[in-house]
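Visitor: need a 3D model of the following:
(one chain, ligands or ions: 2)
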Amino acid sequence: MTEIIDEERLGAIWTAVVDSLKEVVRKHKITEQELHAAGDFLNRLGQAGMCRSLIDVALALTSVDALDIAAGGTRANLEGPYHAAHPVRSEGKLFEHDPAPETPLLTLSGTVREAATGAPAPGARLDFWQADEGGHYDRAGNHLRGVILADDTGRYKVTTVIPSDYSEHDHDPIGELFRAMGRTNTRAAHIHLKVSTGSTLRLTTQLFLPTSMFLDRDYVEGAVSPDLTLHLAEQEAFPGGGPRYTAEFDIFLGSEPAA
Ligand code: BEZ
Ligand code: FE
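Guide: Ligands and ions are numbered 1, 2, ... in the order given. The predicted model follows:
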């Protein structure tokens with residue numbers, strides 16, 4: 001802790017957190033018994049190794065927005081737990097194996113630009129990863145994972161499947177908390193994306209699918225926003241094939257985040 005935060009800053013933050021929580025206790029007239037139940041829950045959360053995940057779910061997007069990460073450009077979003085090193089997909093498809101014929105497909109394209117000047121970013125590296133049509137990430141292989149390189153004019157194009165919503169933490173204290181509140185612990189369908197120019201990582205974000213049932217109740221607080229939600233145009237399906245969509249999404253690279 002002391003490696004990343006100095007004594008004075010830590011003290012100021014602790015005081016602010018306690019003051020905010022005192023206000024919550026007053027406002028909701030929280031009993032001592034309820035406070036102890038909260039403590040017991042936090043103990044179990046820690047034993048399950050889930051404290052960091054709950055902090056991400058509740059607060060990490062507020063930090064991303066407050067620090068104006070990727071300032072002036074496309075809104076940044078959380079990396080989440082499923083990123084890995086991905087192969088370059090020179091054919092423009094994220095598939096490792098062909099999806100079933102009825103699977104809804106998406107061709108996503110756009111231009112990568114510098115937000116400050118509007119100039120295209122030729123050769124930008126777009127690293128995508130996502131859940132499949134059943135809401136599962138390939139954790140062992142590279143299905144629906146891959147790097148697409150923008151062309152000389154900054155244009156990129158990738159074909160993939162439409163990901164599904166997925167539910168996380170069904171069997172741990174985080175899921176238990178959301179169920180106790182009558183809420184779902186579901187992520188709205190999204191495609192993760194990291195964009196680099198040269199060797200510099202410029203943006204980490206997520207693009208949301210308007211096909212999702214959970215855009216208004218993603219359990220990651222503040223993750224979904226209209227500017228990160230794709231607009232799909234339905235195309236004619238191949239005979240015997242599933243629906244096919246296209247979407248255009250330009251990416252604007254902001255300035256480096258302040259240290
Ligand atoms: C995800 O998109 O995979 C994710 C991001 C933040 C918290 C939980 C999941
Ligand atoms: Fe995800």
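Visitor: CA-only coordinates of stretch 43-53 in CSV, if you can.
Guide: Provided in CSV are the C-alpha atoms of stretch 43-53 (Å, rounded to 0.1, in the frame of the first residue of the first chain):
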residue,chain,number,x,y,z
ASN,A,43,-14.5,-11.2,5.6
ARG,A,44,-16.0,-13.8,3.3
LEU,A,45,-15.4,-11.6,0.3
GLY,A,46,-11.7,-11.4,1.3
GLN,A,47,-11.4,-15.1,2.0
ALA,A,48,-12.8,-15.7,-1.6
GLY,A,49,-10.2,-13.3,-3.0
MET,A,50,-12.9,-11.1,-4.4
CYS,A,51,-12.3,-7.7,-2.8
ARG,A,52,-10.5,-6.3,-5.8
SER,A,53,-13.3,-7.5,-8.1
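Visitor: report the mean per-residue pLDDT for that stretch.
Guide: What stretch 43-53 shows for mean pLDDT is 96.
Visitor: next: stretch 65-80.
Guide: Stretch 65-80 comes out at a mean pLDDT of 90.
Visitor: same check, this time on stretch 88-103
Guide: Mean pLDDT, computed over stretch 88-103, is 93.
Visitor: what comes into contact with that stretch?
Guide: For stretch 88-103, contacts defined as Cβ atoms under 8 Å, 6 or more residues apart in numbering pick out 105, 128, 130, 132-133, 138, 141-149, 157-162, 240-242. C-beta coordinates here come from the backbone N, C-alpha and C atoms, glycine included.
Visitor: show me the subset of those residues that also lies near ligand 1.
Guide: Filtering these for proximity to ligand 1 by Cβ under 6 Å from any ligand atom leaves nothing.
Visitor: looking at the residues you listed, which are in strands?
Guide: Per DSSP state E, strands hold the following members of these: 105, 128, 130, 145-149, 157-161.
Visitor: please check these and keep the buried ones.
Guide: Applying 16 or more other Cβ atoms under 10 Å to the ones in strands among the contacts of stretch 88-103, the neighbour count classes 105, 128, 130, 145, 146, 147, 148, 158, 159, 160, 161 as buried.
Visitor: returning to what we had before: closest to ligand 1 out of the ones in strands among the contacts of stretch 88-103?
Guide: Nearest to ligand 1 among the ones in strands among the contacts of stretch 88-103 is residue 130, at 9.2 Å by Cβ to the nearest ligand atom.
Visitor: just to revisit the earlier point, export the ones in strands among the contacts of stretch 88-103 to TSV and tack on distance to residue 98?
Guide: Below are the ones in strands among the contacts of stretch 88-103 laid out as TSV (distance: Cβ to Cβ, whole Å):
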residue	distance to residue 98
105	10
128	18
130	16
145	16
146	15
147	20
148	18
149	23
157	18
158	16
159	11
160	12
161	10
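Visitor: show the contacting residues for residue 144.
Guide: Residue 144 is in contact with 94-96, 128-132, 137-138, 160-161, 163, counting by Cβ under 8 Å, 6+ apart.
Visitor: now do 7 Å
Guide: For residue 144, the contact set (Cβ atoms under 7 Å, 6 or more residues apart in numbering) comprises 94, 129, 130, 132, 138, 160, 161.
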